[in-house]
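J.: Predicted coordinates and the sequence they were generated for:
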Amino acid sequence: MNNNTEIFILIMVALLHLIVLIVFFTMAGNVAKIKNSLSMNAKKYIEMGDMEEYAGNKSKAKEYYLKAKYCMDALKDTSFLNADNKPYPGMSKTNLDDKINHLNNQ
């Protein structure tokens, strides 16, 4: 083999490895984003619901409030409680029910 051919093959192999690394880290970043979106807690759902309600998107706000309620009921999420085990203002199940009813009545 020619010396130029060997150098060309080494460069191509190095480029292939670089492409594989770029693809791997891109996929890992996407997996992390998906994991974060799936593991949101009730507090984050309520914040997103408030933002959607403020923007006028009632159906999306109701969806986020229902997801927050599910977190509180089924998953026993305690991230909405302060140090005294009392809910933060606006973070109780009753408050969520009021918000959902308010959206239904509009």
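T.: Nice, I can see it.
J.: Considering helices and strands only, name the one in the chain with the lowest mean pLDDT.
T.: Lowest mean confidence among the helices and strands of the chain (mean pLDDT, DSSP states H and E): helix 93-105, at a mean of 80.
J.: what about it, distance to the chain center?
T.: Here helix 93-105 is found 23 Å from its chain centre; the criterion is C-alpha atoms, centre = their mean, to the nearest Å.
J.: Mind giving me the packing neighbours of that helix?
T.: Helices and strands touching helix 93-105, by 3 or more C-beta pairs under 8 Å, 6 or more residues apart in numbering; DSSP states H and E, are helix 42-55, helix 58-73. Bear in mind the C-beta positions are built from the backbone N, C-alpha and C, glycine included.
J.: Tell me which of those helices lies nearest to residue 9.
T.: helix 42-55 (50.5 Å; C-beta to C-beta).
J.: Next, the angle helix 93-105 makes with that closest one.
T.: 30 degrees (axes from the mean of the first three to the mean of the last three C-alpha atoms, to 10 degrees).
J.: In PDB, could you pull the C-alpha coordinates for helix 42-55?
T.: Provided in PDB are the C-alpha atoms of helix 42-55 (Å, rounded to 0.1, in the frame of the first residue of the first chain):
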ATOM      1  CA  ALA A  42     -46.500  18.300  40.700                       C
ATOM      2  CA  LYS A  43     -44.900  21.700  41.400                       C
ATOM      3  CA  LYS A  44     -43.600  21.900  37.800                       C
ATOM      4  CA  TYR A  45     -47.000  20.800  36.400                       C
ATOM      5  CA  ILE A  46     -48.800  23.500  38.300                       C
ATOM      6  CA  GLU A  47     -46.300  26.200  37.200                       C
ATOM      7  CA  MET A  48     -46.700  25.100  33.600                       C
ATOM      8  CA  GLY A  49     -50.500  25.100  34.000                       C
ATOM      9  CA  ASP A  50     -50.400  28.600  35.400                       C
ATOM     10  CA  MET A  51     -48.300  29.700  32.400                       C
ATOM     11  CA  GLU A  52     -50.700  28.100  29.900                       C
ATOM     12  CA  GLU A  53     -53.700  29.700  31.700                       C
ATOM     13  CA  TYR A  54     -52.100  33.100  31.600                       C
ATOM     14  CA  ALA A  55     -51.500  32.600  27.900                       C
END
